[in-house]
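S.K.: Need a 3D model of the following:
(one chain, ligands or ions: 1)
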Amino acid sequence: MPLDTESYEISVARSAADLREAVAAWRKEGLSVALVPTMGALHEGHLSLVDQARKNADRTIVSIFVNPTQFAPNEDFSAYPRTEAADAAKLEGKADLIFAPNADDMYPEGFSTTISLTGVSEPLEGTFRPTHFAGVATVVAKLILRAMPDIAIFGEKDWQQLMVIRRMVADLDIPTQILGGPIMREPDGLALSSRNVYLSPEERKSAGQLNVILRETAASVANGASISDATAKGGKRILALGFEKLDYLEIRDSTSLAAFPDDRPTAPARILVAAKIGKTRLIDNMPV
Ligand code: AMP
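M.R.: Reported below is the predicted structural model:
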């Protein structure tokens, strides 16, 4: 089947076969390939990863797939914003190909395989979304195996996800280099997210303080406060902003995401938060 070039100016592959055909043609020319996996509803955070891809490879594929298996039944899979035409317009002149499969193509009847990780996938998000990273690891492995890119780029916004993917790629000998891209933020520091559209104006204002509390909590630990004291204070401040539920505010080893047993960072550390305001669950992180 030829690539779908009629709907948008940028080419769109809808099946693994179409994607492989496009990549094979590039390979024949000796070109290198980058993959940027996304769920669409693209914003400047995604586009910064696309820029990074362009700097690191000759051709850039952006996948757009709202992956059902990484959402729990009570999560926002149906409500998740789907804006393919606008996404295609944003990628014009930036990416070379969109890969936008449908769910039946990714998970045909009888699909039975799941990649799940122990260790790095277990704490933090793993505690609150116990099936999430198995969904992510499986879909990312499939996307990488379909595109066979030289590099794949993920945002530091989803820090634990980036660590999970790095671990999986190392463990399974997948010959794709994984790059991380810095978190893009609004002027008040709120990390850009496709889910920010759910925020009411009042919630949006409180959400802008989350990064401030993260930075101050990290600074207080860097200046000698214990992790438990600093995160307890930070957590109270987050709840005082109007967040109904703090899933976690933790300072962890930045690579393994293990806790520090003596309540002080003894290796490169990261502060990570997940909290709910209204119906929106926000995550953020930064180095300590
Ligand atoms: P998503 O569409 O939310 O699955 O995100 C697709 C990719 O974009 C993931 O690797 C995210 O970590 C990354 N991303 C999302 N938001 C941002 C942001 N604000 N800055 C940088 N990368 C981001």
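S.K.: which phi and psi does the residue of the stretch 101-250 of the chain found nearest the ligand have?
M.R.: Using Cβ to the nearest ligand atom, the closest approach of the stretch 101-250 of the chain to the ligand is made by G155 at 2.3 Å. Quick note: C-beta positions are derived from backbone N, CA and C, even for glycine. Backbone torsions for G155, taken as degrees, to the nearest 10, come to phi -80, psi 150.
S.K.: cool, and E122?
M.R.: The phi/psi pair for E122 (degrees, to the nearest 10) reads phi -80, psi -40.
S.K.: So it versus A17, what's the distance?
M.R.: Computed with Cβ to Cβ, to the nearest Å, the distance linking E122 and A17 is 36 Å.
S.K.: more neighbours, these two?
M.R.: Legend: neighbour count by other Cβ atoms under 10 Å for E122 and A17, higher for E122 (16 against 11).
S.K.: what's the pLDDT at that one?
M.R.: E122 is assigned 98 on the pLDDT scale.
S.K.: re the thing from before, could I get the contacting residues of the closest residue to the residue of the stretch 101-250 of the chain closest to the ligand other than its chain neighbours?
M.R.: Spatially, and ignoring its direct neighbours in sequence, G155 is nearest to G181 (5.2 Å; Cβ to Cβ, 6 or more residues apart in numbering). Applying Cβ atoms under 8 Å, 6 or more residues apart in numbering to G181 gives the contacts S48, L49, Q52, I153, F154, G155, E156.
S.K.: just how off-centre is the longest helix along the chain within its chain?
M.R.: Ranked by number of residues, the top helix in the chain under DSSP state H is helix 201-222. Here helix 201-222 is found 20 Å from its chain centre; the criterion is Cα atoms, centre = their mean, to the nearest Å.
S.K.: Just the C-alpha atoms of it, please, in PDB.
M.R.: These are the backbone C-alpha positions of helix 201-222, laid out as PDB (Å, rounded to 0.1, in the frame of the first residue of the first chain):
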ATOM      1  CA  PRO A 201      -7.800  28.500  34.800                       C
ATOM      2  CA  GLU A 202      -7.600  28.200  38.500                       C
ATOM      3  CA  GLU A 203      -6.000  24.800  38.500                       C
ATOM      4  CA  ARG A 204      -3.600  26.000  35.800                       C
ATOM      5  CA  LYS A 205      -2.400  28.700  38.200                       C
ATOM      6  CA  SER A 206      -1.700  26.300  41.000                       C
ATOM      7  CA  ALA A 207      -0.100  23.800  38.600                       C
ATOM      8  CA  GLY A 208       2.500  26.500  37.800                       C
ATOM      9  CA  GLN A 209       3.800  26.400  41.400                       C
ATOM     10  CA  LEU A 210       4.600  22.700  41.300                       C
ATOM     11  CA  ASN A 211       8.000  23.300  39.600                       C
ATOM     12  CA  VAL A 212       8.800  26.000  42.100                       C
ATOM     13  CA  ILE A 213       8.200  23.700  45.000                       C
ATOM     14  CA  LEU A 214      10.300  21.000  43.300                       C
ATOM     15  CA  ARG A 215      13.200  23.300  42.800                       C
ATOM     16  CA  GLU A 216      13.000  24.600  46.400                       C
ATOM     17  CA  THR A 217      12.700  21.200  47.900                       C
ATOM     18  CA  ALA A 218      15.700  20.000  45.800                       C
ATOM     19  CA  ALA A 219      17.700  23.000  46.800                       C
ATOM     20  CA  SER A 220      17.000  22.400  50.500                       C
ATOM     21  CA  VAL A 221      18.300  18.900  50.300                       C
ATOM     22  CA  ALA A 222      21.300  20.100  48.300                       C
END
